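**Q** What would the 3D arrangement of this be:
(chains A and B)
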Amino acid sequence: MRPGVITHVTPIMLGQVIVSGLLAGALYAMVALGLGLIFGVMRVLNVAHGPLLMLGAYITYWLFSTVGLNPYLSLLVSMPLVFLIGVALQHVLVRRVVDAPELSSLLLTFGISIALVNLAQLAFTSDLRSVEFLTGSFLVGPFAFSKSRVIACLFAAGITTLAFLFLQKTRMGKAIRAVSQSREVAQVCGINVQRIHLFAFGLASALAAAGGTLVAVMVAIQPEMGAVYTFKSFLVIVLGGAGNYPGALLGGLLLGLVEQLASLFLTTQVNEAVAYVLLVLVLLLRPTGLLGGRST
Amino acid sequence: MTLATELQRWGRWFLPGLAVLLVILALFPIWATGYGVRVMLQLFMWIALAQSWNLISGLTGYVSFGHVAFFGMGAYTTGILVTRGMPWPLAALAGGAMAVVLAFVIGWPCLRLKGPYFAIAMLGLNEVLRVAASYFEGLTGGGLGLSLPTLDASVRIYYAMGLVALAVTGLTHAIVTSRFGLRLMTIREDEVAAEAMGIDTFRYKIYAFLLSAVAPGIVGGLAARDMGYIEPISVFPLLTTITMIVMVLFGGKGTIWGPVLGAVILFTFQELVWAHFPHAHQVLLGAIIITVVLAMPRGILGVLQQKYNLPRTV
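**A** Numbering: from 1, shown residues only, chains lettered A, B, ... in the order given. From the prediction side, this is the model:
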């Protein structure tokens, strides 16, 4: 038997695991919403989404280690900065492949992704970095919750709510949803589709950066940390149904739960494998997502 | 005389030239140094890998971001079998077979759907296998790796690698010039139209995917035998997938000789120039991918084909 494997599960452990899963899930949902936004609006799967998250994490680390800025305050820097990086990427590169075959956009964003990872390696080396800010846990009855995870969850929930309100209530948000429903009709109605694409890519990048800032306090930061988030965000979109934005929320929470439950019975090492098996199962059994979405 | 007719004139010398080149390569180990043999062996490996990626991604347009998974699968299968006493050529073939099994398990759910699903599934597969290789310590030696019994077989591995590279190139030629190849390329150009014409797209995608997994599996096994020691990090590197992709894009995806051309050019560059800049390696590769996708999506050979009306089967 491996160390860390548990055979007897008490209700308290189960409760702890469920809450931890939901805490992690809120973060997944926020990051995946960004990836889903680009996918919905442009039909482009942005492989560089995870590396943009990594940039957010490094911005936070850098501000924390040089000027001692509170990591949560650095959201105010990382989100706008990566928003601009996203807009620039869209304007200079991605714009040119939106209407090209999938192969082009996948390869292009893959190229961006490996370049970003390498640039981070050059700037910060491959050493593991950490932001030691909030350690310790909140104790609630028999449960213990890591402070940084609870606060990350609150921020993620807040930012996701704002993003949803933006999509639902504002003219720009409505225009984004219109373009993701039908680009041609939106264009006929007088929406500047190029501008919407630009803004959607920026917004998605900012959501990734927010994810990066929040995980910076919880996990080790290194240049290759992003790929996992690209993969998990995509899984969340698949779970929720492509183009179904509320579905992404459900997908995120579900992924968090499944991962935590699995870590109870296996070791945390196999987190990624669990997510992978989940992806393959969903693709096999319900390829349009749990809530149903645009068929592929 | 225009360049086009010039090229056509050269065309007659293509087959004889190829035959001479093969003879030279076959005799190469007689006078070459051990280092020379090792370098050429790696070139053959890259040709086989690039050609294999071309089979699925170049022909059907389904991008595989994790083709090194088959390489690693082959390496571990071979490593495990060799440490239990199986002769290495047989073990490498078993590596190829295991890679095909893996391709089937992944391809069955993912290839029924459109491109991005497959691409991301392949991106994740590599990570999962690396974790699995560390996890099942009893079989794989875990993070400590697996040492193969020492054996000096460079020259024999040279021939084996060369044979695999030649075989995949021959297979690509056979496919591109066949109805099967036309069907694959129809899927790439317009999958809905392909289906409307009665092509069972799922079945053909699976065939192409299985074929594209064989050589990486065998080559992975041969590389494991050559290195004599394997560990999760050394046989599942993302960089290998990236390099395969860049080679094919650069040379010309969907062509027969493009991947060979790309492998030779990029490998030479890597050995001569980039070895001096190991830190900025991936930025360069990323920049090449972006440039080729935006400026030269057909690659070198594709551009030549279009400009000089060369046959599609070049």
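
**Q** what about the helix or strand containing residue A:58, near chain B?
**A** Using DSSP states H and E, residue A:58 sits within helix A:49-67. No: interface with chain B: helix A:49-67 contributes nothing (C-beta under 8 Å from any C-beta of the partner chain), its closest point being 9.7 Å away. Where C-beta positions appear, they are placed from N, C-alpha and C, glycine not excepted.

**Q** in that helix, what's buried?
**A** Buried residues in helix A:49-67, counted by 16 or more other C-beta atoms under 10 Å in any protein chain shown: A:49-64.

**Q** Could you list every helix and strand in contact with that helix?
**A** If contacts are counted by 3 or more C-beta pairs under 8 Å, 6 or more residues apart in numbering or on different chains; DSSP states H and E, helix A:49-67 sits against helix A:11-42, helix A:75-92, helix A:102-124, helix A:193-216, helix A:226-240.

**Q** Mind putting the ones you listed into CSV with distance to chain B?
**A** Formatted as CSV, these follow (distance: least, C-beta to the nearest C-beta, whole Å):
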stretch, distance to chain B
helix A:11-42, 8
helix A:75-92, 10
helix A:102-124, 3
helix A:193-216, 15
helix A:226-240, 4
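
**Q** tally of neighbours for the residue lying closest to residue B:185 once chain neighbours are set aside?
**A** In space, and not counting its chain neighbours, residue B:185 is closest to residue B:59: 5.9 Å by C-beta to C-beta, 6 or more residues apart in numbering or on different chains. Residue B:59 sits with 27 neighbouring residues when counted by other C-beta atoms under 10 Å in any protein chain shown.

**Q** Same check on residue B:10?
**A** 10.

**Q** Close to chain A: what parts of the stretch 201-314 of chain B are there?
**A** B:238, B:242, B:245, B:249, B:279-283, B:285-290, B:293-294, B:297.

**Q** Now the nearest residue to residue A:278 once chain neighbours are set aside. Its backbone dihedrals?
**A** Once flanking residues are discounted, residue A:278 sits nearest to residue A:258: 5.9 Å by C-beta to C-beta, 6+ apart. When quoted as degrees, to the nearest 10, the phi and psi of residue A:258 stand at phi -60, psi -40.

**Q** How confident is the prediction for residue A:258, by pLDDT?
**A** In the prediction, the pLDDT value recorded for residue A:258 is 89.

**Q** roughly how far apart are it and chain B?
**A** 15 Å (C-beta to the nearest C-beta, to the nearest Å).

**Q** Compute the first-to-last residue distance for stretch A:233-253.
**A** Start and end residues of stretch A:233-253 are separated by 12 Å (C-alpha to C-alpha, to the nearest Å).

**Q** same thing with stretch A:122-134?
**A** Termini of stretch A:122-134 sit 28 Å apart (C-alpha to C-alpha).

**Q** quick one: contacts of it?
**A** The contact list for stretch A:122-134 (C-beta atoms under 8 Å, 6 or more residues apart in numbering or on different chains) reads A:58, A:60-62, A:64-65, A:70-71, A:147-148, A:151, A:216-217, A:219-224, B:279-280, B:283.

**Q** what residue ranges in chain A are flagged as low confidence?
**A** A:1-7, A:267-269, A:289-296 (pLDDT under 70).

**Q** on that earlier part again, of the buried residues of helix A:49-67, just say which sits nearest to residue B:266.
**A** residue A:51 (23.1 Å; C-beta to C-beta).

**Q** quick one: the closest one from chain B, how far?
**A** 10 Å.

**Q** one step back: hey, which of the helices and strands packed on helix A:49-67 is tucked in deepest?
**A** Burial of the helices and strands packed on helix A:49-67 is given as mean neighbour count (mean count of other C-beta atoms under 10 Å in any protein chain shown); helix A:226-240 ranks first at a mean of 27.

**Q** got the residues of the stretch 151-296 of chain A near chain B?
**A** A:227-228, A:230-231, A:234-235, A:238, A:267, A:269-270, A:272-273, A:275-276, A:279-280, A:283-284, A:287, A:296.

**Q** 10 Å - rerun?
**A** Applying C-beta under 10 Å from any C-beta of the partner chain, we find that the stretch 151-296 of chain A lies next to chain B at A:223-224, A:227-228, A:230-235, A:237-238, A:242, A:266-267, A:269-277, A:279-285, A:287-288, A:295-296.

**Q** which parts of the longest helix seen in chain B are buried?
**A** Ordering each helix of chain B by length in residues (DSSP state H) puts helix B:201-227 first. Buried residues in helix B:201-227, counting neighbours by 16+ other C-beta under 10 Å, are found at B:201, B:204-226.

**Q** Ok, stretch B:64-78 next?
**A** Quick answer for stretch B:64-78 (16+ other C-beta under 10 Å): B:64-78.

**Q** Also stretch A:131-144?
**A** A:131, A:133, A:134.

**Q** what about residue B:27, helix or strand, and which?
**A** Here residue B:27 is assigned to helix B:14-31, by DSSP H and E.

**Q** list the helices and strands that helix packs on?
**A** helix B:34-53, helix B:154-176 (3 or more C-beta pairs under 10 Å, 6 or more residues apart in numbering or on different chains; DSSP states H and E).

**Q** at 6 Å instead, please
**A** Where contact means 3 or more C-beta pairs under 6 Å, 6 or more residues apart in numbering or on different chains; DSSP states H and E, helix B:14-31 is not packed against any helix or strand.

**Q** which ones are touching the residue nearest in space to the middle of chain A?
**A** Nearest to the geometric centre of chain A sits residue A:31, at 2.0 Å (C-alpha atoms, centre = their mean). Each residue near residue A:31 by C-beta atoms under 6 Å, 6 or more residues apart in numbering or on different chains is listed here: A:208, A:211, A:229, A:233.

**Q** Can you tell me the closest non-neighbouring residue to it?
**A** Spatial nearest neighbour of residue A:31, chain neighbours left out: residue A:211 (3.9 Å); criterion: C-beta to C-beta, 6+ apart.

**Q** The closest residue to residue B:224 other than its chain neighbours and chain A: what is the separation?
**A** Using C-beta to C-beta, 6+ apart and skipping residues adjacent in sequence, the residue nearest residue B:224 is residue B:75, 3.9 Å away. Remark: distance between residue B:75 and chain A (C-beta to the nearest C-beta) = 19 Å.

**Q** And residue B:27, by the same measure?
**A** Distance from residue B:27 to chain A, by C-beta to the nearest C-beta: 39 Å.

**Q** Any idea how many residues pack against that residue?
**A** Residue B:27, neighbours per other C-beta under 10 Å, totals 10.

**Q** For it, give me the pLDDT.
**A** Model confidence at residue B:27 (pLDDT) stands at 85.

**Q** and what of residue B:1?
**A** Reported pLDDT for residue B:1: 48.

**Q** Spell out the secondary structure type for residue A:9.
**A** Under DSSP: H, G, I helix; E, B strand; the rest coil, residue A:9 falls in the coil class.

**Q** For it, what are phi and psi?
**A** phi -110, psi 120.

**Q** same thing with residue A:145?
**A** Torsion angles, degrees, to the nearest 10, at residue A:145: phi -120, psi 130.

**Q** Might you report the residue contacts of residue 254?
**A** No chain was given, so I picked chain A. Residue A:254 neighbours (C-beta under 6 Å, 6+ apart): residue A:239.

**Q** Please refer instead to chain B.
**A** B:58, B:59.

**Q** All the strands of the stretch 1-150 of chain B, residue numbers only.
**A** B:146-147 (DSSP state E, counting those that start in this stretch).
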